[in-house]
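[1] what follows is a predicted protein model with its sequence.
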Amino acid sequence: MLWHIGNTTVRTPYRLAEALRVLASSPLAGNLSGRDQEQAFAELLHYSDVVEVARIAEGADASDLGRKWRSALSQLGFVTPQLTRGVASGAIDPDLVKSTKEVEGLTGRPFEITSNGLRLANAGSVVQQQECFLRSLVTYRIPSVLEKRYRAKQFSPLAFVLAIFERLAAAGEDRRISFEEFALYVQTKTPDDGIDNVVTELLQYRHARIAAAGRVREFDRGQYQMAAKKVGREIGTFNDYADVNFRYLKASGLFRSSGRGLVISPLKQELANLILANVKDFSEDEAGYLQSLWNGASLPTDDRENAITVLLDLTNRLEAAGEKVGEVAEDLPTADLEIERHKLEERLQKLDEETFAKEQASKVGEILAWMDVVSTRRSVSLPDGTVLSIPKGEYPAYLEWVIWRAFLAINSLVRPPWECRNFDIDQDFLPVHCAAAGRPDMVFEFDNAVIVVEVTLTRSSRQEAAEGEPVRRHVAEYAEQFVDNPDKRVFGLFIAIDIDSNTAHTFRYGEWYRVDDSKIVLDIVPMRLGHFQDFLRAGQADLDAMPEKLVAILKECRSWATQEAPEWKRRIALEVEKACR
C-alpha cells in the first residue's frame, strides 16, 4: 500500500484557500457537476490567478484540472462531495442529503462550501488557515467514503504519524523523520502493521543508512527499488507522495521542516499530545465522519482546561526566550482563549523569524541558487546535495520571497522582517502566496533611504500594462509618507526576468498626480533579476557595505533616466556591472 493525503495535483494546500475565495463569489458554488462546469471552474481558477493553466490561454479543454481541484476541496471537507452518480449540476444528491440534513448551511447539493471551507476562505492569517487544515486532518481518514481507492482498515494518517513520533521519542531516538524514511517506511504502512513494527523497520533503515556513509545514494537507490517492486509502483511515485504528504501535514501547523525531514513543531508539541490521546473512530459512522469534515473537527483546545494547558506552555516558551507575557487570563471565555493562543503563537513565530533574518547573511549562496531556480524554472542542487525546486504555479510567490531574503542578507534594515514583506510565510519561512493586491510586494527602510520593491515574472508589453500603474501608485504612497524627511529618499526598484522597453519608458518619467492634481516625481529603477543577482553575488564578501552601494546605484541610474528607454536599460546594466567590479 502507498497512501497520500489530499490530491497530488494541488501540492500547496494554502492554494485551496484562494480557490475557495473565488468559488464563494461565483455561481459555481453548489453548481459544479459535469464537464462544462469543471471547465468553468478551471477558467475561474486561471483568470483569478489561483493557478496558471496554459491550456486555457490556448483555448483548449482543462476540465480535468477543474475536476482535480474540486476533488481536493471535497476530500478535505471544504466542499461537499457528490455521492450519487448522474445528479444534475445544482440538484439535490439523494445520498448526500442524508448526511447534510442536520448540518446548518448545507442543502444536500454537491460542492457547496462547508463551514470549515468558509472558515478557511475567511482566515486572515496563516495561523488561522493552519487551524482549518488541522481541523480537517484530525478527521481525515483513509480509506473513507471519499477515499475508496485504498484497501485497508480505516485509519487517521495524522494520528499514525504522531504515534510514530511518540514511539521514536520513547525509544530515545532522534525525533525527526527524514524524507526518505517517510517515503519508504511511513506512507507504505498503516496502523495494522503495528506501530512498533513500523518504527523498528524505520530505525533499521536509519542505522543502516548511517553505516553506508560514502555510498548513501547507492544504498537509497536499492531501498527504493525494493519498495517499488513490493508495492508495484514507480520509484518516482514514492517521492511525489512524500512531498505532498509533508506539505499537507505542515499545513496543519503541527509540523515543520528539519532539513529535508519532518519534526513536530515545538510550539505545538502539547497540542499534538492531546490530539493523539483523543483519536475518534469513524469506521462505522459515515454520516458522522462527513459532518466532522464539513464542520471541522473539535480540537482538544476547544476544551477550556486543555486550552489553558496549551496557553501556559506557550507562555513558558515566550518567557524562556526573554519575552514578558504576564499571567494567563484563565477566566476568559473559551473562544477568547483561542484568540490569545493565536497571539502567543504569532509572537513566537516572530521570534523565529528574527532568527531566520539574521541567518540570511550566511545563506547568500543558497539565495543566489533560488534566483537561478526562479529564472530558469529548473531545479538546482546545492553542494550539500539539497535539491531546490518550486512547485508549478508558485514561481511568482518565490520570486518575492527570494528578493526578501536577499534584502535580509544585506541587513541594516530599520524595520523588522515581517514589516518588510506584504506576503505571508509559513512556519518554515516559505511563501504561502503572493503579496496582496493594492500593496507593494516589499518595502525596505534603511537609515538614509526607503526602497519600495516590486517584482514580476510578466514579460513583453503585458508587463507595462500589468505593472505600470500599480508600481507608480505604490511608490507614490511612500514618497508622500516621507515627503517631509529629506534624509530618506524614496526609491522604487522594479525587478523582472526581462525589462520591456515600454515598462522602462513608463518609469523613466515616474510621475504621479495626486487627487488635487499636484505632481510627485518618482525615482523608479527597472532592473533585471540577473543584474540584481550579480550585484548580490559580487557584494557577499562585504554585506555591510551593500545598502550604501545599492542606494548609490539607484541614484546613478536615475541620473540616466532622460535617455530613451532602450538606452536607459543599457545604462542601468552598465551601472550594476561597474558596481560589481
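    Received it, and whenever you're ready, just let me know what you need. Note that the coordinates shown come from a computational prediction; the quantities given were computed from them, not determined experimentally. Numbers count the residues shown, from 1 in each chain.

[2] in stretch 98-116, which residues are buried?
    Using 16 or more other CB atoms under 10 Å as the burial criterion, the residues of stretch 98-116 that qualify are 99-100, 103, 106, 108-116. (C-beta placed from N, C-alpha, C; glycine too.)

[3] try stretch 285-293
    Neighbour-count burial for stretch 285-293 [16+ other CB under 10 Å]: 289-293.

[4] centre of the chain to it, how far?
    In terms of CA atoms, centre = their mean, to the nearest Å, the centre of stretch 285-293 is found 28 Å from the chain centre.

[5] do you know how far the spatially most central residue of the chain is from Leu344?
    Closest to where the C-alpha atoms of the chain average out (CA atoms, centre = their mean) is Val432, at 2.7 Å. According to CB to CB, to the nearest Å, Val432 and Leu344 sit 20 Å apart.

[6] ok, and what's touching the helix or strand of the chain with the lowest mean pLDDT?
    Sorted by mean pLDDT, DSSP states H and E, the helices and strands of the chain end with helix 54-57, the least confident at a mean of 86. Applying CB atoms under 8 Å, 6 or more residues apart in numbering, the contact partners of helix 54-57 are 42-43, 46-47, 61-62, 65.

[7] just those: which are in strands?
    Applying DSSP state E to the contacts of helix 54-57, no entry is found in strands.

[8] what is the nearest of these to Leu16?
    Lowest distance from Leu16 to those (CB to CB) belongs to Leu65, with 14.0 Å.

[9] so after the host helix or strand of Glu359, what's the next helix or strand?
    For Glu359, the enclosing helix or strand under DSSP states H and E is helix 334-359. For helix 334-359, the succeeding helix or strand toward the C-terminus, using DSSP H and E, is helix 364-376.

[10] export that following helix to CSV, keeping only CA atoms.
    Presented in CSV, the C-alpha positions along helix 364-376 are these (Å, rounded to 0.1, in the frame of the first residue of the first chain):
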residue,chain,number,x,y,z
VAL,A,364,23.8,34.1,0.2
GLY,A,365,24.9,31.1,-1.9
GLU,A,366,21.5,29.5,-1.3
ILE,A,367,19.7,32.7,-2.1
LEU,A,368,21.5,33.0,-5.4
ALA,A,369,20.7,29.4,-6.2
TRP,A,370,17.0,30.1,-5.6
MET,A,371,17.2,33.0,-8.0
ASP,A,372,18.5,30.5,-10.6
VAL,A,373,15.5,28.3,-9.9
VAL,A,374,13.1,31.2,-10.4
SER,A,375,14.7,32.5,-13.6
THR,A,376,15.3,29.1,-15.3
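
[11] buried set for it?
    Result for helix 364-376 [16+ other CB under 10 Å]: buried residues 364, 366-375.

[12] local confidence estimate at Thr8?
    Looking at Thr8, its pLDDT is 87.

[13] domain ranges for this protein?
    304-357, 363-579 (automatic domain parsing).

[14] with respect to Leu262, which of those lies nearest?
    Nearest of the domains of the chain (CB to CB): domain 363-579, 10.4 Å.

[15] so for stretch 86-93, what's the average pLDDT?
    Here the average pLDDT along stretch 86-93 is 96.

[16] show me where the stretch 301-450 of the chain has helices.
    For the stretch 301-450 of the chain, helices defined by DSSP state H, counting those that start in this stretch occupy the ranges 304-320, 334-359, 364-376, 395-410, 417-420.

[17] tell me how many other residues surround the closest residue to Tyr398 other than its chain neighbours.
    Nearest residue to Tyr398, sequence neighbours excluded (CB to CB, 6 or more residues apart in numbering): Ile390, at 4.9 Å. Residues lying near Ile390 (other CB atoms under 10 Å) number 20.

[18] could you do Val387 as well?
    That count, for Val387 with other CB under 10 Å as the rule, works out to 10.

[19] could you pull up the residues touching it?
    379-381.

[20] run the last query once more with 6 Å
    Listed by CB atoms under 6 Å, 6 or more residues apart in numbering, the contact partners of Val387 are 379, 381.

[21] okay, and the beta partners of it?
    Per DSSP bridges, the residues bridged to Val387 are Ser381.

[22] ok, now how distant is it from Ser63?
    The gap separating Val387 from Ser63 is 33 Å, by CB to CB.

[23] one more: Ile553?
    49 Å.

[24] neighbour count winner among the two?
    Between Ile553 and Ser63, Ile553 has the larger neighbour count (other CB under 10 Å), namely 23 against 18.

[25] so where does that one fall, helix or strand?
    Judged by DSSP H and E, Ile553 forms part of helix 546-559.

[26] report all helices and strands that that helix contacts.
    strand 523-528, helix 565-579 (3 or more CB pairs under 6 Å, 6 or more residues apart in numbering; DSSP states H and E).

[27] output those in a markdown table; the columns should cover mean pLDDT, distance to Leu299 and mean neighbour count.
    Listed next are the helices and strands packed on helix 546-559 as a markdown table, based on pLDDT from 0 to 100; distance: least, CB to CB, whole Å; neighbours: other CB atoms under 10 Å:
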| stretch | mean pLDDT | distance to Leu299 | mean neighbour count |
| --- | --- | --- | --- |
| strand 523-528 | 98 | 47 | 24 |
| helix 565-579 | 96 | 52 | 17 |
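
[28] now the strands for the chain?
    Using DSSP E, strands in the chain cover 255-258, 261-264, 380-381, 387-388, 442-445, 449-456, 489-496, 511-513, 519-521, 523-528.

[29] restricting to C-alpha, output the second one in PDB.
    Taking only C-alpha atoms (Å, rounded to 0.1, in the frame of the first residue of the first chain), the coordinates of strand 261-264 have been written out as PDB:
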ATOM      1  CA  GLY A 261      12.800  15.900   7.200                       C
ATOM      2  CA  LEU A 262       9.800  16.500   9.400                       C
ATOM      3  CA  VAL A 263       9.600  17.300  13.100                       C
ATOM      4  CA  ILE A 264       6.800  18.200  15.400                       C
END
